[in-house]
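Undergrad: What follows is a predicted protein model with its sequence.
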Amino acid sequence: MPDPVAVALSLLMLVWLVLYLRGWVRLRRRGAAQLASVYRLLVFLTATTLVGVVLLSPISWLNSQYLFFRSLQTVVLCLLAAPAFHLACGYDVLLWGLPDDARRRLRRNLQPDARIGGLLRIVTPAAGVWLAFVAAFLIWHEPSVVNWLLQRAMLHTLALVVLGLLALLFWWHVVGAGPRLHDPLAPWLIAIMLVITEIVNMVTGVSIAFAGQPIYAHYAALGAAPGLRGLDPAGDQALAGATLWVVGSMLYVSSIVLVFNRLFVTQGAGGPAPVADWDEDGRMIMPGLEHRVRR
């Protein structure tokens, strides 16, 4: 059964969902259909469902029996749910789900020059958040840490939540969603961060998938668990590594392609506008020969 940490977080997500839906309806009534679009609503519902699957479905307790389900939790939470919340403009829409006084107070306090907003800006720089997420990802797959956490269900879930929160902060900078406390990152810098993160993810997945012997003593001691026939510890480990490697790489590479597309679009749209009638004869003629145009 789900542990208290998973239940508490799921209740918090339910409150967030109610506020988002209320804000979405209010924005639609005010004519802000571009912000409160059907697409963003579907993305937010998908993200909320994914978090529920990670925390409350059988995956949340099968992860102690199968390494594959643990890897699936990591991919779903960090690479699907986390960016989806920002793509759905979770903060901006949720604001309108709050009472008017609470909305104004929260927006005022989360300005870059406000006390809370300024403090949050200081403790969440892009480089620091990125390095913290990569480090947490590597620690999450460290054999000694894994074996220790799997013996303590609540701590294991809490560690997963911390990893998910770091992923949420990381994708906050990548997507550029609200609250907008930091200067927008250049697309080329975002691309570099994603490429390095993908390399870390790929190396981790490949190392797990092609290990010659079981890496994690916890799963090796369980032997062939009932329920999935033929999935011995070696096969479970290979499947878990392949999930990180293949699925994770697909999502990172897709994000990198989108960022590069943004880079080229930005460069194309951000250049100086051409002067009106730049190609008329008077502008194209060589200096000193203007009289020929007049003729």
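TA: Everything's here; your move.
Undergrad: shaky segments in this protein?
TA: Residues of the chain meeting the criterion pLDDT under 70: 1-2, 223-230, 262-295.
Undergrad: Centroid-nearest residue for it?
TA: The geometric centre of the chain, computed from its C-alpha atoms, lies nearest to Pro83 (C-alpha atoms, centre = their mean), at 3.0 Å.
Undergrad: which ones are touching that residue?
TA: Residues near Pro83 by C-beta atoms under 8 Å, 6 or more residues apart in numbering: Trp171, Val174, Val175, Ser255. C-beta coordinates here come from the backbone N, C-alpha and C atoms, glycine included.
Undergrad: Could you tell me which of these belong to helices?
TA: Among the contacts of Pro83, DSSP state H puts Trp171, Val174, Val175, Ser255 in helices.
Undergrad: burial of the last one, as a residue count?
TA: Neighbour count of Ser255, defined by other C-beta atoms under 10 Å: 20.
Undergrad: quick revisit: tell me the one of the ones in helices among the contacts of Pro83 nearest Gly164?
TA: Lowest distance from Gly164 to those (C-beta to C-beta) belongs to Trp171, with 10.6 Å.
Undergrad: what's the burial count for the closest one?
TA: Burial measure for Trp171: 23 neighbouring residues, criterion other C-beta under 10 Å.
Undergrad: If we ignore the residues flanking it in sequence, what's nearest it?
TA: Pro83 (4.2 Å; C-beta to C-beta, 6 or more residues apart in numbering).
Undergrad: sec struct for that neighbour, please.
TA: helix (DSSP: H, G, I helix; E, B strand; the rest coil).
Undergrad: Let me see the ranges of the helices in the stretch 1-150 of the chain.
TA: Taking DSSP state H, counting those that start in this stretch, the helices of the stretch 1-150 of the chain run over residues 4-29, 38-56, 59-62, 67-75, 82-87, 90-95, 100-109, 115-123, 126-140, 143-149.
Undergrad: Reformat these as CSV; add distance to Pro187.
TA: Listed next are the helices of the stretch 1-150 of the chain as CSV, based on distance: least, C-beta to C-beta, whole Å:
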stretch, distance to Pro187
helix 4-29, 28
helix 38-56, 21
helix 59-62, 35
helix 67-75, 25
helix 82-87, 16
helix 90-95, 21
helix 100-109, 27
helix 115-123, 21
helix 126-140, 13
helix 143-149, 34
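Undergrad: Out of those, the one nearest Gly205 is which?
TA: Of all these, helix 67-75 sits nearest to Gly205, with 8.0 Å by C-beta to C-beta.
Undergrad: What angle do helix 126-140 and that closest one make with each other?
TA: Orientation note: helix 67-75 sits at an angle of 170 degrees relative to helix 126-140 (axes from the mean of the first three to the mean of the last three C-alpha atoms, to 10 degrees).
Undergrad: what's the angle from helix 67-75 to helix 38-56?
TA: Using the same axes, to 10 degrees: helix 67-75 against helix 38-56 is 140 degrees.
Undergrad: so how many other residues sit close to Ala220?
TA: As a burial measure, Ala220 scores 17 neighbours (other C-beta under 10 Å).
Undergrad: How many residues are close by Tyr252?
TA: Tyr252: 19 neighbours (other C-beta under 10 Å).
Undergrad: State the distance from the closest residue to it other than its chain neighbours to Val129.
TA: Spatially, and ignoring its direct neighbours in sequence, Tyr252 is nearest to Glu198 (3.7 Å; C-beta to C-beta, 6+ apart). Noted for Glu198: a distance of 17 Å to Val129, by C-beta to C-beta, to the nearest Å.
Undergrad: out of the two, which sits in the busier spot?
TA: Remark: of Glu198 and Val129, Val129 carries more neighbours, 22 against 18, as counted by other C-beta under 10 Å.
Undergrad: So that one sits against Ala167, correct?
TA: No: Val129 is beyond contact range of Ala167, at 9.7 Å (criterion: C-beta atoms under 8 Å).
Undergrad: Count the neighbours of the nearest residue to Trp24 once chain neighbours are set aside for me.
TA: Nearest non-adjacent residue to Trp24, counting by C-beta to C-beta, 6+ apart: Ala36, 4.6 Å away. Neighbour count of Ala36, defined by other C-beta under 10 Å: 22.
Undergrad: can you pull the contacts of Ala36?
TA: Gly23, Trp24, Val25, Leu27, Arg28, Val93.
Undergrad: I'd say the last one and Trp24 touch.
TA: Looking back up the chat, that one is Val93. Yes: if you go by C-beta under 8 Å, Val93 and Trp24 touch, sitting 5.5 Å apart.
Undergrad: Thank you, goodbye.
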